[in-house]
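*Asks:* sequence and predicted structure, then a few things I'm wondering about:
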Amino acid sequence: MTGFINVNKSVNVSSAVEVAKIKKLTGISCGHMGTLDPMASGVLPVAIGNATRLFEYFLGKKKKYSAVFRFGYTSDTLDTTGNLTKCGTVPAEKEIVSVLPRFIGETDQIPPIYSAKNVGGRRSYQLAREGAIFELPPKRVTIFSLKLKEKISDDEFAFEIECGGGTYIRSLARDIAKALETYAVMSSLTRTASGVFNIENAVKTECLDKTNINDYIIKTQDVLPYGCLYATEEEAKKLFNGLTVKRDLKDGIYKIFDADGEFYGLCEAVNSNIKVRTKLC
């Protein structure tokens with residue numbers, strides 16, 4: 001069994017717990033493609049079996065979020081789960097809108113200290129909990145769109161964000177507020193899309209059991225946005241034994257199928273030389 005389940009992660013549940021539920025139901029090792037903090041909800045693609053080998057192909061995929069930022073507060077975690085301190089002012093909607101274009105495109109973003117970043121062989125959140133003093137280097141991230149949707153309370157505003165992988169929405173709240181000379185924390189977060197996976201067809205793990213889980217497994221080849229290569233029997237023998245074959249193809253990644261039309265994995269074309277990169281069967 002291999003493929004993906006598009007999980008709609010619940011609030012106050014860790015990504016690891018959601019993955020463990022899928023593993024228990026399938027009896028096969030699983031892994032998630034892009035963690036969500038416990039306070040966040042939404043799209044959490046879970047790879048089953050050999051589909052976990054595809055992690056690198058999902059790193060650069062666009063992600064969409066609905067987030068709520070609370071202005072006039074700061075916290076050690078940059079969200080409302082941390083130690084909140086009231087400080088700063090609440091900006092007007094037009095003031096917030098005026099600074100949003102600054103964040104579109106590639107920017108350098110400093111991750112939260114309460115994150116899974118590696119610092120000298122340890123996770124930064126572990127060091128933060130111990131009271132260690134340290135700084136994380138900025139990381140280049142890409143934000144494709146950033147929209148203020150509405151004001152939902154005296155100090156909270158809802159946003160829609162489309163960004164590249166590795167973007168911290170908590171850090172974005174901090175940075176937007178800083179541009180307005182105030183403070184803000186993230187008070188809620190829902191991931192509405194991750195690559196081809198979207199929230200409209202995501203499923204809650206509490207709705208899954210051993211009688212229906214197969215109905216929710218998405219075939220691996222259906223979530224890979226690459227062209228197809230159908231190998232002849234002779235080509236398949238060579239390719240599936242680690243050899244290279246010649247094909248007049250543009251350079252790039254392709255989904256490869258054997259002579260019977262069965263999905264095998266991913267191959268790469270370089271100067272018309274084809275070689276298997278990732279075996280999934």
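*Replies:* Cool, the structure landed.

*Asks:* please count neighbours and contacts with C-alpha atoms only from this point.
*Replies:* OK.

*Asks:* show me what contacts T192?
*Replies:* The contact partners of T192, taken as Cα atoms under 8 Å, 6 or more residues apart in numbering, are G42, V43, K63, K64, Y65, S66, N198, I199.

*Asks:* how does it look with 7 Å?
*Replies:* By Cα atoms under 7 Å, 6 or more residues apart in numbering, the residues touching T192 are G42, V43, K64, Y65, S66, N198, I199.

*Asks:* give me the number of residues near the first one?
*Replies:* Each residue near G42 was counted by other Cα atoms under 10 Å, and the total is 26.

*Asks:* and the contacts of the strand or helix carrying it?
*Replies:* Per DSSP states H and E, G42 falls inside strand 41-48. Here strand 41-48 makes contact (Cα under 7 Å, 6+ apart) with 2-11, 19, 28-34, 189-194, 198-199, 202.

*Asks:* now stretch 92-103
*Replies:* Contacts of stretch 92-103 (Cα under 7 Å, 6+ apart): I143, L146, L148, A179.

*Asks:* quick one: the helices in the chain, in order.
*Replies:* 15-26, 93-99, 124-129, 169-179, 233-239 (DSSP state H).

*Asks:* could you dump those helices into CSV with distance to Y73 and mean pLDDT added?
*Replies:* Below are the helices of the chain laid out as CSV (distance: least, Cα to Cα, whole Å; pLDDT from 0 to 100):
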stretch, distance to Y73, mean pLDDT
helix 15-26, 27, 95
helix 93-99, 16, 98
helix 124-129, 19, 80
helix 169-179, 10, 97
helix 233-239, 58, 92
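
*Asks:* out of those, which gets nearest to Q221?
*Replies:* For these, proximity to Q221 was assessed by Cα to Cα; helix 233-239 is nearest, at 17.6 Å.

*Asks:* in the contacts of T192, which residue is surrounded by the most others?
*Replies:* Highest count within those by other Cα under 10 Å belongs to V43, 33 neighbours.

*Asks:* and for that residue, nearest residue in space, chain neighbours not counted?
*Replies:* With Cα to Cα, 6 or more residues apart in numbering as the criterion, V43 has its nearest non-adjacent residue at 4.9 Å, and that residue is N8.

*Asks:* surely the one you found meets N201?
*Replies:* No: using Cα atoms under 7 Å, N8 makes no contact with N201, being 8.7 Å away.

*Asks:* so these two - more neighbours on which side?
*Replies:* Legend: neighbour count by other Cα under 10 Å for N8 and N201, higher for N8 (23 against 12).

*Asks:* about what we covered before: hmm, which of the contacts of strand 41-48 are the buried ones?
*Replies:* Using 16 or more other Cα atoms under 10 Å as the burial test, the contacts of strand 41-48 include 2-11, 19, 29-34, 189-194, 198-199, 202 as buried.

*Asks:* show me the shaky parts of the stretch 51-200 of the chain.
*Replies:* Per-residue confidence for the stretch 51-200 of the chain (pLDDT under 70) gives these ranges: 59-60.

*Asks:* ok so, going back, for ChimeraX, what selects the buried ones among the contacts of stretch 92-103?
*Replies:* A single ChimeraX command selects the buried members of the contacts of stretch 92-103 (16+ other Cα under 10 Å):
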select :143,146,148
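
*Asks:* tell me which two in the contacts of stretch 92-103 are the farthest apart.
*Replies:* Across the contacts of stretch 92-103 (Cα to Cα), the longest gap, 16.2 Å, separates I143 and A179.

*Asks:* before we move on, the earlier item: and of the contacts of stretch 92-103, the nearest to A116?
*Replies:* Taking Cα to Cα as the measure, A116 lies nearest I143 of those, at 20.8 Å.
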